[in-house]
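Undergrad: the following block contains a protein sequence and its predicted model.
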Amino acid sequence: MPTKDYSEFLREQLQDPEMAAEYLSAAIEDSSVDEFLLALQDVTEACGGIGVLAHLTEPNRQNAYKMLSEDGTSALTSLLSVLRAVGLTIKFSPDEKEAA
């Protein structure tokens with residue numbers, strides 16, 4: 001019987017909004033911005049990939065790739081710096097509207 005590799009297992013787990021929220025919350029709390037963006041890429045892949053993201057959101061595919069790449073880190077780094085300076089952090093939760 002074939003075994004799943006870790007990335008396949010992770011993608012399956014991250015299809016659950018609760019798991020994805022916990023994964024991203026842990027990543028933003030415990031990781032660098034680059035590592036958080038990798039976690040966000042994992043969630044994006046689990047939810048159908050960049051093409052689906054680009055179709056469901058405002059940015060086109062090229063902008064979506066840029067947003068999730070190293071080029072997208074400066075705005076996130078600035079936001080996290082400001083939040084940490086005022087004693088705040090970001091926590092993720094599933095969108096209740098999507099779950100209904």
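TA: Sure thing, it's come through. Note that the coordinates shown come from a computational prediction; the quantities given were computed from them, not determined experimentally.
Undergrad: just the buried residues of stretch 38-51, please?
TA: Residues of stretch 38-51 classed as buried under the neighbour-count rule (16 or more other Cβ atoms under 10 Å) are 39-40, 42-46, 50. C-betas here are computed from N, CA, C, even on glycine.
Undergrad: touching that stretch from outside, list them.
TA: Stretch 38-51 is contacted from outside by 10-15, 20, 23-24, 27-28, 31, 53, 61, 64-65, 68, using Cβ atoms under 8 Å, 6 or more residues apart in numbering.
Undergrad: among those, name the ones in helices.
TA: Counting by DSSP state H, the contacts of stretch 38-51 place 10-14, 20, 23-24, 27-28, 53, 61, 64-65 in helices.
Undergrad: dump the buried residues of stretch 38-51 to TSV, plus distance to Val82 and pLDDT.
TA: Shown next, in TSV, are the buried residues of stretch 38-51 (distance: Cβ to Cβ, whole Å; pLDDT from 0 to 100):
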residue	distance to Val82	pLDDT
Ala39	21	91
Leu40	19	88
Asp42	25	92
Val43	24	92
Thr44	25	88
Glu45	29	90
Ala46	29	92
Ile50	28	81
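Undergrad: okay, these in CSV with secondary structure and distance to Glu96 next?
TA: Output for the buried residues of stretch 38-51, formatted as CSV (DSSP: H, G, I helix; E, B strand; the rest coil; distance: Cβ to Cβ, whole Å):
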residue, secondary structure, distance to Glu96
Ala39, helix, 22
Leu40, helix, 21
Asp42, helix, 23
Val43, helix, 18
Thr44, helix, 21
Glu45, helix, 24
Ala46, helix, 20
Ile50, helix, 25
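Undergrad: geometric centre of this protein: which residue is closest?
TA: Leu40 (2.1 Å; Cα atoms, centre = their mean).
Undergrad: and the gap between the closest residue in space to Pro17 that isn't next to it in sequence and Asn63?
TA: Once flanking residues are discounted, Pro17 sits nearest to Pro94: 3.4 Å by Cβ to Cβ, 6 or more residues apart in numbering. According to Cβ to Cβ, to the nearest Å, Pro94 and Asn63 sit 25 Å apart.
Undergrad: kind regards, and thank you for your time.
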